[in-house]
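Trainee: I would like the atomic coordinates for the input below:
(one chain, ligands or ions: 2)
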Amino acid sequence: MEIVVSGIRPTGNLHLGNYFGALKSFVKMQEENQCYFFIADYHSLTTHPIPADLHGNVKTVLVEFLACGLDPEKATLYIQSDLPETAELYLLLNMNAYIGELERCTSFKEKIRTQTDNVNAGLLTYPTLMAADIIIHRAARVPVGKDQEQHLEMTRTFANRFNRLYKVNYFPEPVAYNFGENLVKIPGLDGNLKMSKSDNENSAIYLADSAEVIRKKVMRAVTDSGPADQNKPRSQGVQNLFDLMSYFSSGETLNFFEDVYAAGSIRYGDMKKQLAEDIIRFTLPFREKMEALAADETYLRKVAKMGAEKARESASKTVREVREIIGFRQF
Ligand code: ADP
Ligand code: TRP
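Mentor: Ligands and ions are numbered 1, 2, ... in the order given. As a prediction, the model looks like this:
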């Protein structure tokens, strides 16, 4: 039983890769650990979202998480901005975070290049806000992908520095949660090894996609001119279709298409039609749950309120103790 924290930026819908690569593990984790999962809406302000969109973006993530099986009775599911204690801890941590180390952070350097019109202080201090998110619950584990490893390393630096500076052993050093060796990687429809939301709008299939959209995307998936030469390796696009079938279709279906491929008589159109129907069958229950949840404002309000209350219990205790350690006293 460990304390686990993870934050998700409210930037669009979940695709099949997100589900198999992250959400399924979250759902398992909530059974065995004390989990805090939150929607990182403070973080999303670093890119200046339109005010009219912010709430809807948060709602989308909340609805999709619930539809995927995150249970607000088991995990603490909350919205970052419902926890102002995070903002206070962020302020306090910033006093001991050095400009040099923040400027050297890879994600900041990347933003300087790509977001030239808006290099704000929030981008620079993104790692201290993320550290605050994590250590506010004194978490031991953080389930994040490789791209977040440096932020986690900085979290450890800030936590250790606090301990050293105030001669306490207060914050634990959080480490990445190991999803295990056999982490699945869902391939893309564009011939890439990994399904991803990219500039190619047909690469990823979202849990929220309608049957029509799924058919259209799968029918446009990248293939090749056919198995003319059995000795040549399959193109990545075709291999991806077979791999997707291994996730979403029955063993019989997969074997059937392997056989016709081996016989040289495969028609990719037929294979795609079958794959599309199998993916639709898989995603339909998620979409139905999402639609029901999205229409149930009363329930969503209840979930958010309950999450905020549970999260504040843990966070207000930490901030109270941190203030004491730093030397704030009440008159
Ligand atoms: P994207 O690449 O579409 O922007 P994110 O980087 O937001 O996706 O990923 C969020 C989570 O989903 C991460 O934990 C990541 O490892 C997981 N994930 C994303 N794409 C895939 C995929 N194709 N297969 C498995 N896991 C994935
Ligand atoms: N930076 C993370 C991302 O881009 C999101 C995030 C914010 C986060 N705070 C966090 C992840 C705390 C884990 C723990 O994906």
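
Trainee: hang on, A304 packs against S81?
Mentor: No - when contacts are counted by C-beta atoms under 8 Å, A304 is not listed as touching S81 (10.6 Å). C-betas here are computed from N, CA, C, even on glycine.

Trainee: what touches both of these two?
Mentor: Overlap of the contact sets of A304 and S81 (by C-beta atoms under 8 Å, 6 or more residues apart in numbering) is empty.

Trainee: those residues of the stretch 151-300 of the chain touching ligand 1, which are they?
Mentor: Proximity of the stretch 151-300 of the chain to ligand 1 (C-beta under 6 Å from any ligand atom) is limited to residues 184-186, 194-197.

Trainee: return the member of these nearest to T223.
Mentor: When these are compared for distance to T223 (C-beta to C-beta), M195 wins out at 16.2 Å.

Trainee: give me the number of residues near that closest one?
Mentor: The tally of other residues near M195 (other C-beta atoms under 10 Å) stands at 23.

Trainee: which residues does it contact?
Mentor: When the contact criterion is C-beta under 8 Å, 6+ apart, the partners of M195 are 15-17, 186-189, 203-205.

Trainee: what about the residues you listed, which are in helices?
Mentor: Counting by DSSP state H, the contacts of M195 place 16-17 in helices.

Trainee: neighbour count added to the contacts of M195, as a markdown table?
Mentor: Output for the contacts of M195, formatted as a markdown table (neighbours: other C-beta atoms under 10 Å):
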| residue | neighbour count |
| --- | --- |
| H15 | 21 |
| L16 | 23 |
| G17 | 20 |
| I186 | 22 |
| P187 | 23 |
| G188 | 26 |
| L189 | 24 |
| S203 | 23 |
| A204 | 24 |
| I205 | 27 |
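
Trainee: so which of the contacts of M195 is the closest to Y247?
Mentor: I186 (6.9 Å).

Trainee: smallest gap between the chain and ligand 1, at which residue?
Mentor: Of all residues in the chain, G21 sits closest to ligand 1, at 1.8 Å by C-beta to the nearest ligand atom.

Trainee: so that residue touches V184, yeah?
Mentor: Yes - using C-beta under 8 Å, G21 is in contact with V184, at 6.4 Å.

Trainee: the more surrounded of these two?
Mentor: Shown here are G21 and V184; by other C-beta under 10 Å, G21 has more neighbours (18 against 13).

Trainee: hang on, that one in a helix?
Mentor: Yes - judged by DSSP: H, G, I helix; E, B strand; the rest coil, G21 forms part of a helix.

Trainee: quick one: the strands in the stretch 151-300 of the chain?
Mentor: Secondary structure of the stretch 151-300 of the chain (DSSP state E, counting those that start in this stretch): strands at 175-176.

Trainee: remind me, longest helix of this protein?
Mentor: Per DSSP H, the chain has its longest helix at helix 297-326.

Trainee: so that helix, near ligand 2 or not?
Mentor: No - under the criterion of C-beta under 6 Å from any ligand atom, ligand 2 is not reached by helix 297-326; the shortest gap measures 12.7 Å.

Trainee: I'd like the average pLDDT over that helix.
Mentor: Average pLDDT, helix 297-326: 98.

Trainee: by contact count, what packs against it?
Mentor: Applying 3 or more C-beta pairs under 8 Å, 6 or more residues apart in numbering; DSSP states H and E, we find helix 297-326 packed against strand 34-39, helix 51-68, strand 76-79, helix 84-94.

Trainee: run the angle between the last one and strand 34-39 for me.
Mentor: With axes from the mean of the first three to the mean of the last three C-alpha atoms, to 10 degrees as the basis, helix 84-94 and strand 34-39 are set at 90 degrees to each other.

Trainee: list the buried residues for the helix or strand following helix 84-94?
Mentor: Later in the chain than helix 84-94, the nearest helix or strand by DSSP states H and E is helix 99-103. Applying a neighbour-count criterion of 16 or more other C-beta atoms under 10 Å, one finds L102 buried in helix 99-103.

Trainee: what of stretch 42-57?
Mentor: Neighbour counts using 16+ other C-beta under 10 Å place 42-44, 46, 57 of stretch 42-57 among the buried residues.

Trainee: also near ligand 1: which of those, exactly?
Mentor: Counting by C-beta under 6 Å from any ligand atom, no member of these is near ligand 1.
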